[in-house]
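Chemist: Give me a 3D structure for the following:
(chains A, B and C)
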Amino acid sequence: MTNVEQNILTALSNKLGEKILQIQTPQPRKVFVRVNAGVHRDALRVLLDKDESAGISAITGVDLGEKIELMYHIRTHGTIVTIRTEVSREDARIKSITDLIPGAIFHEREVTDLFGVIFEGYPSPKRLILSENWPKNLFPLRKDAEITNIEDKLEKVTVLDEDKRSSDGGTLVNIIMGPQHPAFIEPEKFSLKVDGEIVKEVKPRIGYVHRGVEKAAEKRTYLQDIYLVERICGICNACHAACFCQTVEAIMGTKAPPRAKYLRTVVLELNRIHSHMLLLGHAGLEIGYESFFQYMWRDREPIMDMMELLTGNRVIASFSTIGGVRRDFKEEKIPKIKVELATLKEKMSFYKHLFDRDPTLKMRTKNVGVLNKREALKLCVVGPVARGSDVKMDVRKDEPYAAYDEIPFKIITYNEGDSWARLMVRLDEISESIDIINFALDNLPSGSYRIRVPRIVPAGEALGRVEAPRGELFYYVKSNGTAYPERVKVRTPTFSNILSFVQIAEGGNIADVPASFVSLDPCFSCTDR
Amino acid sequence: MTFIFRVLIFPGFTFILLFTMFCDWVERKIEARMQNRIGPTYTGPAGILQPFADFVKLLAKEDIIPSNTKSVVFRFAPILSFSIFVFALFFLPIDGSNVIPHSSFEGDLIFVLALISVANFFLFLSGWSSTNPYSAIGATRVLTQFLGYDIPLFIFALTSAFLANDLSISTIAASQNVPFVLLIPWAFALFIITLQAELEKDPFDVPHAETEIVAGYETEYSGRRLAFLKLAKDVQIVLGAVIVVELFLSGPYGPVFLGLPAFWYTLWFILKVLFVVMITEYLTCVFARLRIDQVLVINWRMLIPLSILSLVATVAVAFWLNPLVV
Amino acid sequence: MLKEVLSQIFRKPATQKYPEVKPKVPDGFRGRQIFDIDLCIGCGLCARDCPAKAIEMVDVEGKKKPLFHLDLCIFCYQCAESCPRNAIKTSGFFELASTNKHELVVKPQINLQKRSEA
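Modeler: Below you'll find the model as predicted:
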């Protein structure tokens, strides 16, 4: 147990004393504290008082049969403190924490949708993930939910309020962006109220690509789940697989061999480079800078080829597995990769120069969609969005996984908090990633690249975190001692970030909506799962 | 007979249509090469028939008219704006004389510029009558942008007219022994920038910024109406380029080597228009799209003062330049 | 950017002329499977582990052998990894588009010629 964890536990037991029912520290940097329902708010307050940059990572619900367990995963000082509490199944009610942490809004609504837990004092209890015509008392992630013949059980819905035409006596125009809109690659809906060209109100509605991956994961073996979670998001697929494998390895108590850790690092960083370049190019398209978009995606192509060379596929890597990685790098391929990376690094300096100089690009991104540090902390944003608002937070440093504890690199932060800063963070991170890959390839340890693990995972639970290109990716896996997991919880980075869009879009120009939205790097299939 | 031939075949309707499609192809090809792509490839040699194929494809598509549109305006706006653009082209000398012989008159420059404004107004109407929020926003953007940019465009056009001492386009073109671009290069450069805004091209393509407001005023259009709307845009680009050629690049006139002057004039004309199209395409490629408020600020704070300054400067140097003008 | 755009006009486009010029795939590319029926012992591990349930065990001469449904396959090659005899191998063949669903299978066929040679 490290000092940080000790400090947190002392603070908690000083304030709460007898109210703490149980303390567990199964993994390094992970603390589980069990309290009664109601006390969770006090425990949360203690953590928030202690660390102003503490934020919520996720709320996990688990169906225990008689009861439903709720876990509030709070990140503070690079540690995840999990406050666990239980509510009864029949009368699932608990006090909301959104007044303490506004960033928990979506997390709570998700649990309401999927587990039927009602959060008292919650501002707008509407559907978030499930569609409006989903049966009222069917909560998909409860174990006894019968999801068969759904068509017969669907409810009848009339037109939703926000879809109705003009309200407010006609002064404000309703513009509905999505589910299909050219600015969004994936379907998600944002209802904007517009006064002329100024956005007055934004209402997000997600869930259009909800595929029930968490439920599906319970029906498949751990081995099959690797490939399932990989398909939550095509762009950051390697991160999902690596995070899941890491979490399952933590339950098993095994560790991937050193060579596997380095190989994972290389693929994760390649994943990051290609994701960032994709976003930067896309940002160029959103602000009408087509040449920039074409050049960026042209230069991204060698990265895809590298992925193909190393993993056997351009996009879906299928590289990590429980206990290591699935294939080794051939030595003769390494020089070729290094040459490509060197060319890319040169090009990155050209783009950086462009971002510093180009007048039209700066006009469209500077001082647009400003998210200051206080708001960023309040809304618990993660990844480049947080780093663009001067929040120093990176799972690779906070809680090193793979080989990041042995590789030197910097956390890039900018303090402007606008679209430009968020894009610059990504641009600089590409250069940083190139250095990481070079270092990893130079210092590749020898030895085996995977260990064989049994198909059956011992009972237990574990948390895993990975810094995906879009920010902190969070997994919770609970095992019941069979080959099938009891519960797999995935909290993707965009799910945390999407709330900040409301903050940055309101009061801005409608022309800035796509430009500032894309700077958050939203991924809707991640968000909905 | 000559009259009908001139109006329908050359240099009238057919020639203008084919030339528009050719310009569209050049534009796409050059933009592709600037962005390191290949551009249209499959239809015809090097994809030269692609614009034609696109047009025919749209003609064959189903034409949907939303039920709550102002239907008369909605139906006729595309074809009207297209015909007005083509009509405006008839007053510009293409093969040395106007399409309709002896139609040139004192002040047709103002007439042509006014026609452009009217055609733009029809583009606005097409969006406004769609009763779709995206179209409505696109339409208001068209209107705000054209209302502003018509002013500097007009003043820059007057600069040339002033030098030539005439308000008739064919006289202005004919009086350029030395192309005006060499005499008043600043006016030429600023005119091109203003034209970018008139033609809704980057960095001023806000009225149909597809990532913000889908297709702007075109959103509800489909089938042959969309085909004509697109064609109207293409003709407008050609028209803009032709006006630049007439006002600053001595129109279709150039050295005649052998044979008919009309042949050489047409050739010079085509080459010059392509040159202008390439410049506008280059500008499109190097800039990002501005926001509507920034577009307006650039107009009112920069281009209008500059246009007046440029007129004053031209007046000041006109005394020395006049010997160079016929 | 001003210079960059101009210089691009004189450069070769980066576009791959795909249908005319076929790209070369690296070895180890996960394309259509090559199944060697002589190595297969019919254990069915591949079908059990397949995340997409794309492998069906069918009767070939009285023994159970895997049949790959490529329209379901996600090309993860977990089957190749699970196979105790390495009967499933990768190939660089990726042009799998077809208008007929029934063509999209890798059938466990007995290679008669090979057998007679042996």
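
Chemist: Which residue lies nearest the spatial centre of chain C?
Modeler: Geometric centre of chain C, nearest residue: C:Arg32, 1.2 Å, by CA atoms, centre = their mean.

Chemist: Tell me which stretches of chain C form strands.
Modeler: Along chain C, counting by DSSP state E, strands occupy C:34-35, C:55-60, C:63-69, C:88-89, C:105-106.

Chemist: Comparing these by mean pLDDT, which bottoms out?
Modeler: Of all those, mean pLDDT reaches its minimum on strand C:105-106 (a mean of 77).

Chemist: before we move on, back to that, so the residue nearest to the centre of chain C touches C:Lys89, yeah?
Modeler: No. Contact between C:Arg32 and C:Lys89 fails when scored by CB atoms under 8 Å: they sit 10.4 Å apart. Glycine gets a C-beta too; all of them are placed from N, C-alpha and C.

Chemist: Residues of chain C that sit close to chain A?
Modeler: C:1, C:4-5, C:14, C:25-26, C:28-30, C:49-52, C:74-78, C:81, C:90 (CB under 8 Å from any CB of the partner chain).

Chemist: Which of the residues you listed fall in helices?
Modeler: Applying DSSP state H to these, the entries found in helices are C:4-5, C:49, C:78, C:81.

Chemist: just those now: which is nearest B:Thr20?
Modeler: Distance to B:Thr20, by CB to CB, is smallest for C:Val5 among those, at 24.7 Å.

Chemist: for the residue in chain A that chain B sits nearest to, helix, strand, or coil?
Modeler: Going by CB to the nearest CB, chain B is nearest to A:Gly288 of chain A, at 2.6 Å. What DSSP: H, G, I helix; E, B strand; the rest coil gives for A:Gly288 is coil.

Chemist: Apart from its neighbours in sequence, what residue is nearest it?
Modeler: In this structure, A:Gly288 finds its nearest non-sequential neighbour in B:Arg289, 2.6 Å apart by CB to CB, 6 or more residues apart in numbering or on different chains.

Chemist: How about A:Ser291?
Modeler: B:Cys285 (4.7 Å).

Chemist: Count residues in the vicinity of A:Lys156, would you?
Modeler: The tally of other residues near A:Lys156 (other CB atoms under 10 Å in any protein chain shown) stands at 6.

Chemist: Tell me the residues of the stretch 201-326 of chain B that contact chain C?
Modeler: So the stretch 201-326 of chain B meets chain C at B:282, B:285-286 (CB under 8 Å from any CB).

Chemist: related to what we said a few turns ago, include mean neighbour count when you put the strands of chain C into CSV, please.
Modeler: Output for these, formatted as CSV (neighbours: other CB atoms under 10 Å in any protein chain shown):
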stretch, mean neighbour count
strand C:34-35, 18
strand C:55-60, 16
strand C:63-69, 19
strand C:88-89, 18
strand C:105-106, 18
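
Chemist: what's the closest of these to B:Glu62?
Modeler: That would be strand C:63-69 among the strands of chain C, by CB to CB, at 37.1 Å.

Chemist: What pairs with that closest one, parallel or antiparallel?
Modeler: strand C:55-60 (antiparallel), strand C:105-106 (antiparallel) (DSSP bridges).

Chemist: Of all the ones you listed, which one comes closest to B:Thr144?
Modeler: strand C:105-106 (60.1 Å).

Chemist: related to what we said a few turns ago, out of the residues of the stretch 201-326 of chain B next to chain C, who's the most crowded?
Modeler: Among these, the one with the most neighbours (other CB under 10 Å) is B:Cys285, at 25 neighbours.

Chemist: continuing past the one helix or strand that residue maps to, what's the next helix or strand?
Modeler: Assigned by DSSP states H and E, B:Cys285 falls within helix B:261-286. Following helix B:261-286 in sequence order, the next helix or strand is helix B:292-297 (DSSP H and E).

Chemist: quick one: is that next one near chain A?
Modeler: Yes. Using CB under 8 Å from any CB, helix B:292-297 reaches chain A at B:292-294.

Chemist: Let's see if you can find the most crowded of those residues.
Modeler: Ranking the residues of helix B:292-297 next to chain A using other CB under 10 Å puts B:Ile292 first, with 23 neighbours.

Chemist: isn't that one right up against B:Thr144?
Modeler: Yes. Counting by CB under 8 Å, B:Ile292 touches B:Thr144, with 6.8 Å between them.

Chemist: Quick check: which ranges of the chain have low pLDDT?
Modeler: Using chain A here. A:1, A:123-125, A:158-171 (pLDDT under 70).

Chemist: you looked at the wrong chain, it should be chain C
Modeler: For chain C (pLDDT under 70), the answer is C:1-2, C:110-118.

Chemist: OK, now which residue of it is nearest to chain A?
Modeler: Closest point on chain C to chain A, by CB to the nearest CB, is C:Pro51, at 3.9 Å.
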